[in-house]
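Undergrad: When you get a sec, could you give me coordinates for this:
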Amino acid sequence: MAIPLFVLYVASVLARIIPFRLTQASWQLEFAAGLIDAAPIALLGLILVHFSAFIDPGNPILRDRQQRFSRLAIAASLGFLLLIPLNVYAVWTGLGNLQTARTNVESDAARRLTNFRQTITTATTTEELQQRLESMGVPRLRTADLRQPLPILKQRLLSNLDKAEGNLEARKAGAGGALKEGIWSLIQSAVKLGVSSLALAVAFAAGAQRPNSERSLLESWQAGWGRNRLFQGRNRRQSSIADGEYLRQLHDDDAPRVP
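TA: Next comes the predicted model:
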């Protein structure tokens, strides 16, 4: 039962990350989400491997399989830990891409409006205005428009241009709200993926085992953490004792001496 679960996990992840786009922040987030969302399938498979070896400890095939998958679980646990900085980098890159895209769109729109205004104001004849607008991709003016005096035509075109600028400013305000929503969505995804990565790293560490070791990787981490805290506690106690001895010496030196 465990082997098909591992195959299903690999297939689920590949279905979400193909085609590969390693340099894109969106693909990196999708890659991390694919690994995390399907991880319970692989975790269940690892549990079944350990359970099978537990209920039949004398079976050498099951024992060998348990050891093999326990070593693979070490890589899985460390891999989920590495997903945390990858998520942070992908979110940071995504935020920069969102801001850059918005700035580019706004700059391009403002530049086009400025070019249109300059073209309209500097044209000396209706034919020249028509040719310049066509070169900028604007459809031909209507025959009724071309019959109008040039000052009136310019005034009407500039008035339309002013309305377009007003619409652009309104869109900028709306885009600001959409950008905030996009940023908040990326932050939420980063928090979710980060917490999930840490939880899965701990879960796989509980089922991971180094060669020639009876303890799981999680137990080794806990033992190392406990020794570190004990070492720090001893240092603090020794430092407190040394400080106490130093203060007593100062007190003895400052005490009045009887001749």
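
Undergrad: ok, now which ones touch residue 30?
TA: 16-17 (C-beta atoms under 8 Å, 6 or more residues apart in numbering). (Glycine included, C-beta is placed from N, CA and C.)

Undergrad: hmm, I was thinking of residue 141
TA: Listed by C-beta under 8 Å, 6+ apart, the contact set of residue 141 reads 129-130, 133, 153.

Undergrad: make it 6 Å
TA: By C-beta atoms under 6 Å, 6 or more residues apart in numbering, the contact list for residue 141 reads residue 130.

Undergrad: ditto for residue 218
TA: Shown in contact with residue 218 (C-beta under 6 Å, 6+ apart): 205-206.

Undergrad: Check which helix or strand it maps to.
TA: Assessed by DSSP states H and E, residue 218 sits inside helix 217-254.

Undergrad: Would you check how far apart residue 5 and residue 62 are?
TA: Separation of residue 5 from residue 62 (C-beta to C-beta, to the nearest Å): 16 Å.

Undergrad: ugh, wrong one, I meant residue 51
TA: 10 Å.

Undergrad: Please apply the same query to residue 148.
TA: From residue 148 across to residue 62, the span is 91 Å (C-beta to C-beta).

Undergrad: ok, the closest residue to residue 211 other than its chain neighbours - how many residues close by?
TA: In space, and not counting its chain neighbours, residue 211 is closest to residue 71: 6.7 Å by C-beta to C-beta, 6 or more residues apart in numbering. Using other C-beta atoms under 10 Å, residue 71 has 14 neighbouring residues.

Undergrad: I'd say residue 157 and residue 121 touch.
TA: No - with contact defined as C-beta atoms under 6 Å, residue 157 does not count as touching residue 121 (9.6 Å).

Undergrad: okay, residue 148 and residue 62: which has more neighbours?
TA: Taking other C-beta under 10 Å, residue 148 and residue 62 do not tie; residue 62 has more neighbours (18 against 15).

Undergrad: Flag the shaky bits of the stretch 151-259 of the chain, pLDDT-wise.
TA: Residues of the stretch 151-259 of the chain meeting the criterion pLDDT under 70: 170, 172-179, 226-259.

Undergrad: Oh, that last question was meant for the stretch 1-150 of the chain, not what I typed.
TA: For the stretch 1-150 of the chain, the ranges with pLDDT under 70 are 145.

Undergrad: you'd agree residue 48 is up against residue 3?
TA: No - using C-beta under 6 Å, residue 48 makes no contact with residue 3, being 9.3 Å away.

Undergrad: In terms of neighbours, single out the busier of those two.
TA: Legend: neighbour count by other C-beta under 10 Å for residue 48 and residue 3, higher for residue 48 (16 against 12).

Undergrad: Give me the distance between residue 205 and residue 48.
TA: Distance from residue 205 to residue 48, by C-beta to C-beta: 18 Å.

Undergrad: go on, residue 41?
TA: Applying C-beta to C-beta to residue 41 and residue 48 gives a distance of 11 Å.

Undergrad: same question, residue 8
TA: Using C-beta to C-beta, which is the criterion applied here, residue 8 is 13 Å from residue 48.

Undergrad: now swap in residue 171 and tell me
TA: From residue 171 across to residue 48, the span is 55 Å (C-beta to C-beta).

Undergrad: got it, and residue 146?
TA: As judged by C-beta to C-beta, residue 146 and residue 48 stand 80 Å apart.

Undergrad: Could you list every helix and strand in contact with the longest helix along the chain?
TA: For the chain, the helix with the greatest residue count under DSSP state H is helix 60-122. Under the contact definition 3 or more C-beta pairs under 6 Å, 6 or more residues apart in numbering; DSSP states H and E, helix 60-122 sits against helix 25-37, helix 39-55, helix 150-206.

Undergrad: and the angle for that helix with helix 150-206?
TA: Using axes from the mean of the first three to the mean of the last three C-alpha atoms, to 10 degrees, the direction of helix 60-122 lies 170 degrees away from that of helix 150-206.
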